[in-house]
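Peer 1: Mind looking at a prediction? Sequence and model below.
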Amino acid sequence: MATNEQDVVASKTTQEGELKRTMTFFPALSTVMGTVIGAGVFFKAASVAAVTGSTSMHMLSWFLGGLISVCAGLTGAELAAAIPETGGMLRYIERAYGKFPSFLLGWAQVIIYFPANVAALSIIFATQFKNLFGLDNGMIVPIAIVAAASIMLINFLGSKAGGMFQSVTLVFKLIPLALIVIFGLMREGAVEVSLFPVQAGPNVGGFASALGAGLLATMFAYDGWIHVGNLAGELKKPARDLPRAIAGGILGIMVVYLLVNWAYLKTMAIPELAGNENAAMEVAGRIFGGIGGKLVTIGILVSVYGTINGYTMTGMRLPYTMGIEKQLPFSKQLAKLNKNSVPYIAGILELVIAVAMMMVGGFDMLTDMLVFVIWIFYTLVFIAVIKLRKTEPDLHRPYKVPLYPVIPAVAIVGGVFILVMTLINQFSLAMVGLLITALGIPVYFYMMKRNPR
């Protein structure tokens, strides 16, 4: 009954001219899966294996990472439906905590999250490219720079060009995954995979430490759930279909990830998989043979290239938006558009930061740092759902998180666990992320002084 009433309210809201609600359940479900599935599933298995040390803990990390992501997506979607404004998470944080925390999130995304994603993905693209063609290790950074710069140039042609490129490469995410799962699980004479008892491997620091590090690694592969809540404004029946699309989509992704990792572990033992940057290519080679493995690897490369494009498209628009609002130094320049209506100065800024990160960090270091920093703000979003229920009980909520407050509590506990275990296991990396984020504090007060509101 409550669901039907919320959908009627949503329909009336649409009639008043706010949003067009035309999307049904299945397009929403495919959008969720397409948004989240990226390069992490191909390349994070090696780091998860390295920090967990056993097949049972490896698979548990992927399973729990999926459950936390389901709860996170269901929780964050409540704010997305109630506050369907441009800026997404920036607006949720501002609504709940004020402009200063919102600015720090924007700063962290501009300086860390988007450039680190581009840098990490470009490095993994270059590493696989180097291995595929037998090039020297010294070529990794130059190839990574060329990959990131070429995608930036494609996006400078306009949002239509970037969007079209993204649509084409979406197919290449699914083909290698399907091939690895189907043929990897059918393969005879594979490695024995044991799921019980669940225990950490040797020399990984114990159960809690291994699980925390494993979850941190998997979260890069599951990242992207925060954006799916933005579908709320386009769904015909948000109260009914949004939780189904998020839960079904992320559960579907979790099943895919578990099957892919099962195929990995049946093909390559944990000691071989752990820390192996070339794991995806080697697994493909063992399953399909020399030529087949190379063709699958090319498919994976195209998939990674498309994922870089997605972060490039969205990443350059954030400093542009903050520039329009005069929140950053050189805001006037950051707000400039080229003849194709693309924020090219903002794009160049993101590319320069990404290139600097390529010079100093590898794939795992960059992804772990960006996951740690962004999960600080994700956890604040989960808490904001509870906070706004109390401070703004009359806020129109087309969708409410089911099983409240249990699901938000699971998301909060999961987020806190990831953050605490990162501080324990990777203190230096966490401090670097916090320090870079904290550099935004004097920038905020300087810009407030220059542009008082």
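Peer 2: Thanks, I have it.
Peer 1: Contact partners for the closest residue to residue 213 other than its chain neighbours?
Peer 2: Of all residues not flanking residue 213 in the chain, residue 51 sits nearest, at 3.7 Å (Cβ to Cβ, 6 or more residues apart in numbering). Yep, even glycine has a C-beta here, placed from its N, CA and C like the rest. Contact partners of residue 51, counting by Cβ atoms under 8 Å, 6 or more residues apart in numbering, are 204, 210, 213-214, 217, 425.
Peer 1: Without its sequence neighbours, what residue ends up closest to the residue nearest the centre of the chain?
Peer 2: Residue closest to the average C-alpha location in the chain (Cα atoms, centre = their mean): residue 223, at 2.5 Å. Once flanking residues are discounted, residue 223 sits nearest to residue 371: 6.9 Å by Cβ to Cβ, 6+ apart.
Peer 1: wait, is residue 395 part of a strand?
Peer 2: No - secondary structure of residue 395 (DSSP: H, G, I helix; E, B strand; the rest coil): coil, not part of a strand.
Peer 1: Can you report how many residues lie near it?
Peer 2: Neighbour count for residue 395, taken as other Cβ atoms under 10 Å: 13.
Peer 1: For residue 71, see how far away it is.
Peer 2: With distances taken as Cβ to Cβ, to the nearest Å, residue 395 is found 21 Å from residue 71.
Peer 1: How much space separates the residue nearest to residue 213 from residue 271?
Peer 2: The spacing between residue 51 and residue 271, counted by Cβ to Cβ, is 14 Å.
Peer 1: which residues are in contact with both of the two?
Peer 2: Common neighbours of residue 51 and residue 271 (Cβ under 8 Å, 6+ apart) do not exist.
Peer 1: rewinding a little: do I have it right that the residue nearest to the centre of the chain meets residue 41?
Peer 2: No - counting by Cβ atoms under 8 Å, residue 223 sits too far from residue 41 to count as a contact (11.3 Å).
Peer 1: Tell me where the stretch 1-150 of the chain is predicted with low confidence.
Peer 2: Along the stretch 1-150 of the chain, segments meeting pLDDT under 70 span 1-22, 86.
Peer 1: now do 80
Peer 2: 1-35, 38-39, 84-88 (pLDDT under 80).
Peer 1: tell me the contacts of residue 323?
Peer 2: By Cβ under 8 Å, 6+ apart, residue 323 lies in contact with 330-335, 343, 346.
Peer 1: ok, which stretches of the stretch 201-350 of the chain are helices?
Peer 2: Assigned by DSSP state H, counting those that start in this stretch, the stretch 201-350 of the chain shows helices spanning 207-222, 225-228, 238-267, 270-273, 279-315, 317-324, 331-334, 344-360.
Peer 1: count of neighbours near residue 451?
Peer 2: Residues lying near residue 451 (other Cβ under 10 Å) number 11.
Peer 1: if I look at the nearest residue to it once chain neighbours are set aside, how far off is residue 70?
Peer 2: Nearest non-adjacent residue to residue 451, counting by Cβ to Cβ, 6+ apart: residue 326, 4.5 Å away. Separation of residue 326 from residue 70 (Cβ to Cβ): 38 Å.
Peer 1: circling back: mind putting the contacts of residue 51 in a markdown table, distance to residue 145, pLDDT and neighbour count included?
Peer 2: Output for these, formatted as a markdown table (distance: Cβ to Cβ, whole Å; pLDDT from 0 to 100; neighbours: other Cβ atoms under 10 Å):
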| residue | distance to residue 145 | pLDDT | neighbour count |
| --- | --- | --- | --- |
| 204 | 34 | 77 | 20 |
| 210 | 35 | 88 | 25 |
| 213 | 30 | 87 | 28 |
| 214 | 31 | 90 | 29 |
| 217 | 25 | 88 | 27 |
| 425 | 30 | 84 | 19 |
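Peer 1: Just give me the closest of the residues you listed to residue 104.
Peer 2: Closest to residue 104 out of these is residue 425 (24.1 Å), distances taken as Cβ to Cβ.
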